[in-house]
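Chemist: Structural data only, the sequence is not supplied:
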RNA sequence: CGGGGCGUAGCGCAGUCUGGUAGCGCGUCUGCCUUGGGCGCAGAAGGUCGUCGGUUCAAAUCCGGCCGCCCCGACCA
């Protein structure tokens, strides 16, 4: 993308309404604009990040055996009357009537809808297990939306639902998602720690929240330090095998949110290995047994022809929240520092002297060569002073900056800067191509 | 939902107490200059002062209603 043509409105000053760093940087770097309290429009740069996060979530869900569907944002009130939640759910649910006076709602979650889809489509134990997910916009009319996309009213969420014949199967499904979540967040450069959590109004008996540590987190969390740097990506994972040992490895060390915090257990950890911090919830997994399948009569025929109520679980990842969460976890005084896996552009070319023929020629040639190789590259061809370009580029946080100016070019070299470390090196252009091949 | 604050140019703010020509910085546009970390000079555009009503010769300013936004708390499958 040529920056001179890109819709990228960056701001030099912090908007007054933004208090936390991720919100400020998202506005300043031109990722989003607020349109109402807790409701945001995604601009081109922000949308690229959102799509990258979505892609990683999707790849890991697919790998773990979940199948993608897409359910609507609008649901009927009758559906929710079936589970008994229409009246139980509070004013966070946005309710309205259509032109025929039918009661509708903007979905805050999809347990009811998925249960009906499952119930109507699966009749035999032989078709189990099933695990269906979708990535769809949700609306919850929060009393007090805040912190930008971290607690918006409209937000993008991956939610999925597992259906098993018995509890043992449900636990296998739960463990699959547990490991898939570890991988998902790790791939985004996050250190997400699974913590025992309250199941809340959704009910159930087995639940973990995946928390990333950040000063501005909404909840207080307590855990063993050993969990912070545990690595999942180095492991070969076979979702067909029993993943309980891996789950045990993570759950045997203490980790809990304040609702579930056990002070005595925490203090048994040697003092140097205790970690009391604040965290952001980016994922939450539940096993809730037959809480929805029972009232909604989601049953399958068992081997002996008997009717068996299926065991369910649900699993959520806050996709739009992750954009803010990743920034909270990865920024510096100059701006955002994107992990490569989610960066809107992997590399940026900074043309220091656009009115210099050889310099611009080299920039364009490199830009086209990188594009031809499928590298996501942003070319700053704007007629601005170098300082302004450097400031913008650091703000939007492209992991690599290729800086091309007349001095270096005369020596046949360009400069490569790593956004995270600030390290720079001078390289001949063809060597650069190898690096991004 | 309880408490607090704010609404004046694209962004950040002053002006409101004490009513009398709507300002500043940044950004934007034009020209010149400059070109390795938001450079400099000159000129310009841009505002129903959130909204509705009241008081007054006169309202950004005083009074009232409404709307919107932010912060703390409670809440948050």
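Modeler: Cool, the structure landed. Since the model is a prediction, treat every value here as computed from it, not as a measurement.

Chemist: Could you check how many residues crowd around the nearest residue to residue A:108 once chain neighbours are set aside?
Modeler: Closest residue to residue A:108 apart from its sequence neighbours, by CB to CB, 6 or more residues apart in numbering: residue A:140 at 4.6 Å. Where you see a C-beta, it was placed from the backbone N, CA and C, and this is true even at glycine. When counting by other CB atoms under 10 Å, one arrives at 22 neighbours for residue A:140.

Chemist: got a list of what residue A:140 touches?
Modeler: A:92, A:93, A:94, A:108, A:153, A:155 (CB atoms under 8 Å, 6 or more residues apart in numbering).

Chemist: from those residues, which two are the most distant?
Modeler: A:93 and A:155 (14.4 Å; CB to CB).

Chemist: before we move on, the earlier item: distance of the residue nearest to residue A:108 from residue A:261?
Modeler: 26 Å (CB to CB, to the nearest Å).

Chemist: Residue A:244: how many residues sit nearby?
Modeler: Using other CB under 10 Å, residue A:244 has 14 other residues around it.

Chemist: show me the contacts for it.
Modeler: Contacts of residue A:244 (CB under 8 Å, 6+ apart): A:171, A:175.

Chemist: For it, give its distance to residue A:358.
Modeler: For residue A:244 relative to residue A:358 (CB to CB), the value is 62 Å.

Chemist: what's the answer for residue A:311, then?
Modeler: Counting by CB to CB - residue A:311 and residue A:358 are separated by 68 Å.

Chemist: Looking at the two, which is more packed in?
Modeler: Set side by side, residue A:311 and residue A:358 show more neighbours around residue A:311, with 26 against 12, by other CB under 10 Å.

Chemist: Identify the bridge partners of the more buried one.
Modeler: Per DSSP bridges, the residues bridged to residue A:311 are residue A:164.

Chemist: List buried residues within the contacts of residue A:140.
Modeler: By neighbour count, with 16 or more other CB atoms under 10 Å, these hold A:93, A:94, A:108, A:153, A:155 as buried.

Chemist: In terms of distance to RNA strand B, which of these ranks first?
Modeler: Using CB to the nearest atom of the strand, residue A:108 comes nearest to RNA strand B of the buried ones among the contacts of residue A:140, at 6.5 Å.

Chemist: So that closest one belongs to a helix, correct?
Modeler: No. Read with DSSP: H, G, I helix; E, B strand; the rest coil, residue A:108 is coil and lies in no helix.

Chemist: OK, contacts around it?
Modeler: A:89, A:92, A:93, A:94, A:138, A:139, A:140.

Chemist: Close to RNA strand B as well: tell me which of those qualify.
Modeler: Contacts with RNA strand B within those, counted by CB under 7 Å from any atom of the strand: residue A:140.

Chemist: May I see the buried ones among the contacts of residue A:140 organised as a markdown table, with pLDDT and secondary structure added?
Modeler: Conversion of the buried ones among the contacts of residue A:140 to a markdown table gives the following (pLDDT from 0 to 100; DSSP: H, G, I helix; E, B strand; the rest coil):
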| residue | pLDDT | secondary structure |
| --- | --- | --- |
| A:93 | 93 | coil |
| A:94 | 93 | strand |
| A:108 | 95 | coil |
| A:153 | 95 | coil |
| A:155 | 96 | strand |
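
Chemist: Show me the domain layout of chain A.
Modeler: A:3-336, A:347-436 (automatic domain parsing).

Chemist: Surely residue A:24 and residue A:13 touch.
Modeler: No. Using CB atoms under 8 Å, residue A:24 is not in contact with residue A:13, being 9.7 Å away.

Chemist: So for these two, which sits in the more crowded spot?
Modeler: Using other CB under 10 Å as the criterion, residue A:24 and residue A:13 rank with residue A:24 on top: 20 against 7.

Chemist: On the three-state scheme, the more buried one is what?
Modeler: Relying on three-state DSSP, one would call residue A:24 helix.

Chemist: Excluding chain neighbours, what is closest to it?
Modeler: Looking at residue A:24 with CB to CB, 6+ apart, the closest residue is residue A:18, at 4.3 Å.
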